[in-house]
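>>> One predicted model, sequence on top.
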Amino acid sequence: MLDTLVIGSGYAGSAIAARLAPHGRVLVVERGRRWRPGDFPRGVVGLGRAYLTARHPDGLWAMRLGAGTGVAFASAVGGSSAVNYGITARPDDHVFDAWPVTAAQLDPYFARARDVLRPSASPRADRLGDKAFLDLVEPGRRVDLENTIDWERCDDCGRCVPGCNRGAKRTLEDSYLALALAAGAELRPGTEAIDHVALPDGRHLVALRPTGGGGGGCEWVTARHVVIAAGTLGTLDLLHRWRLPVGPRFGERIGLNGDGLAFLHDTPHALTSHSGAPISTSVRLPFVDADGRTRTLTVMSGRVPAAALRFTAAALALAAGRLADGDAPGGASTPGSALRRLRDLVVVDGGGALSRSFMFKLDAEDSSAGRARFTRAGAVIDWPDYADDPILRFAEARLRDWAARTGGRVIKSVARLTGGRGFSVHPLGGCRMGRSIDDGVVDDVGRVFDPRGGVHPGLRIADGSVVPGSIGVPPSWTIAAVAERIADDLIAEQRRART
């Protein structure tokens, strides 16, 4: 019998496994396969072939489309760490004001997670033009970022997304999962949990099978504790499929973390949208909402992934007229601007328009007004007017102000096109932490509220779905810190059960 079954190997599942493995038998199941350096897709064709479908259940990534939104997610050992930029940032303290746990209570867990993830700042960031540009447009508000990257091995190839084939990015296989396996945890890639039975004595039976149902039958395992850490969409899917009794807040108040993307195209300034360097700097801007609450908008200096570089440069050069924001300044032509745009149709390099463009990549404390809807493919997030969230409107106004002061043409988000939608890779909530079943699905240590009273014995949730709302920065560090705290409480519970 297992002491702990962990479903999912992302930032939460890996952290839970690393801390629980020294205290008992731990099994981690991950629906995705293991991707090693050299295995990741190359180019647009490779990305297409790596798309996850029913016929290709071991794909690396997929998207789900809801009303007004699209959500992209990874399916791999290590979760999103396999395909992200490795950005590690802590939210502003006011984010936790509405949480059932304070910033001070989370401080030691942020420190613990940082010790494992080992982020560091890029030693080459000062050579790029982004810092000087942000200091020009938002003086005093620049916040440089840290990444979980081995900078000595990184050659700025531009392939952090969809996966580093050079082994320079430190994924969870190099940090939390390595700790878990060294302490005796078992990891089963390509395995999904399809059913669950809660036994009268508090133990759990969970049915496991190979991902997609092929290559083997169903195996039932018994565990004293089950931790669901399958990512926001994956966890929503499991709870819905298992028909577990949960509270009325299930599937509500989902934030997309203000994910958004626009461009300030062909400015007079040397910038690095076209550069392969990882995202290394940002500005944090305060926004005061209608209730007088301060929310954080983070604008990062984005990078176009190498696989999409030619397409992006050509699309911006050809379609700037249609995509340009009609309410923004047109951007006065600068010497050579037409030649730079023409150059981007031929070759993407330091002489083209993209090399003078700022990729306006957003994370923000949005209003967390999304709701889950369950389809045959799984949970989708409906938020029809996501693009009109007040903090995203604020971001658009800020970008227009930049254009007025520095030159360049504002290329609006695709969410603003007819039939467009906002895309996110950071859905948060749906099983949010609360002080009671009236305002949450789990308590502050991930125990699942039971509408019949109390909590479900031996069952916890510990991933982005428990985060009460959008946090305004990339969430991986926060998710790991929350999971560290849940792990501490779970270890204490297991010790009490043995005495």
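That came through, no problem. Owing to the predicted nature of the structure, the values given are computational and were not obtained by experimental measurement. Numbering: from 1, shown residues only.

>>> Pull the contacting residues for Ile7.
Gly13, Val29, Ala193, Val206, Val226, Val227, Ile228, Ala229, Ala230, Leu238 (C-beta atoms under 8 Å, 6 or more residues apart in numbering). (C-beta placed from N, C-alpha, C; glycine too.)

>>> From Asp363, how far off is the spatially closest residue to Thr375 that is not a sequence neighbour?
Excluding its sequence neighbours, the residue lying closest to Thr375 (C-beta to C-beta, 6 or more residues apart in numbering) is Arg64, at 8.0 Å. In this view, Arg64 and Asp363 are 20 Å apart by C-beta to C-beta, to the nearest Å.

>>> So which of these two has more stuff around it?
Asp363 (29 against 17; other C-beta atoms under 10 Å).

>>> what helix or strand is Asp237 on?
Asp237 belongs to helix 231-242 when elements are defined using DSSP states H and E.

>>> Does anything pack onto that helix? Which helices or strands?
Under the contact criterion of 3 or more C-beta pairs under 8 Å, 6 or more residues apart in numbering; DSSP states H and E, helix 231-242 touches strand 69-74, strand 191-198, strand 219-228, strand 371-375, strand 378-382.

>>> would JSON lines of the ones you listed with mean neighbour count be doable?
Shown next, in JSON lines, are the helices and strands packed on helix 231-242 (neighbours: other C-beta atoms under 10 Å):
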{"stretch": "strand 69-74", "mean neighbour count": "22"}
{"stretch": "strand 191-198", "mean neighbour count": "18"}
{"stretch": "strand 219-228", "mean neighbour count": "20"}
{"stretch": "strand 371-375", "mean neighbour count": "15"}
{"stretch": "strand 378-382", "mean neighbour count": "21"}
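
>>> Ok, which of those strands comes nearest Arg303?
strand 69-74 (16.6 Å; C-beta to C-beta).

>>> In the stretch 201-350 of the chain, where is pLDDT below threshold?
Applying pLDDT under 70 to the stretch 201-350 of the chain flags residues 215-216, 320-335.

>>> how about 80 then?
Applying pLDDT under 80 to the stretch 201-350 of the chain flags the ranges 213-216, 319-336.

>>> For it, which segments count as strands?
204-210, 219-228, 260-265, 281-288, 294-301 (DSSP state E, counting those that start in this stretch).

>>> just checking, Arg170 touches Ala82?
No - with contact defined as C-beta atoms under 8 Å, Arg170 does not count as touching Ala82 (11.2 Å).

>>> can you give me the helices in the stretch 251-400 of the chain?
Counting by DSSP state H, counting those that start in this stretch, the stretch 251-400 of the chain has helices at residues 309-323, 337-344, 390-406.

>>> Export those helices as a markdown table, with columns for distance to His56.
Putting the helices of the stretch 251-400 of the chain into a markdown table (distance: least, C-beta to C-beta, whole Å) gives the following:
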| stretch | distance to His56 |
| --- | --- |
| helix 309-323 | 23 |
| helix 337-344 | 33 |
| helix 390-406 | 34 |
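
>>> and of the ones you listed, who's closest to Glu146?
helix 390-406 (23.1 Å).

>>> What lies in contact with that closest one?
133, 136-137, 258, 260, 262, 264, 267-269, 285, 287, 289-290, 295, 297, 299, 325, 327-329, 331, 358, 360, 362, 364-367, 386, 408-410, 412-413, 422.

>>> Out of those, which end up buried?
Neighbour-count burial (16 or more other C-beta atoms under 10 Å) is assigned, among the contacts of helix 390-406, to 133, 137, 258, 260, 262, 264, 267, 269, 285, 287, 295, 297, 299, 325, 328-329, 331, 358, 360, 362, 364-367, 386, 408-410, 412-413, 422.

>>> returning to that earlier point: which one of Arg170 and Ala82 has more residues nearby?
The residue with more neighbours, out of Arg170 and Ala82, is Ala82; 28 against 21, by other C-beta under 10 Å.

>>> Just grab the bridge partners of the spatially closest residue to that one that is not a sequence neighbour for me.
Leaving aside its chain neighbours, Ala82 sits nearest to Ala76 (4.2 Å; criterion: C-beta to C-beta, 6+ apart). For Ala76, the beta-bridge partners are Arg33 (DSSP bridges).

>>> Show the pLDDT at Ala76.
pLDDT recorded at Ala76 is 98.

>>> next one: the one 3 residues further on
With respect to pLDDT, Gly79 scores 98.

>>> So which of the strands of the stretch 201-350 of the chain is nearest Val347?
When those are ranked by proximity to Val347, the top entry is strand 260-265, at 17.4 Å, counting by C-beta to C-beta.
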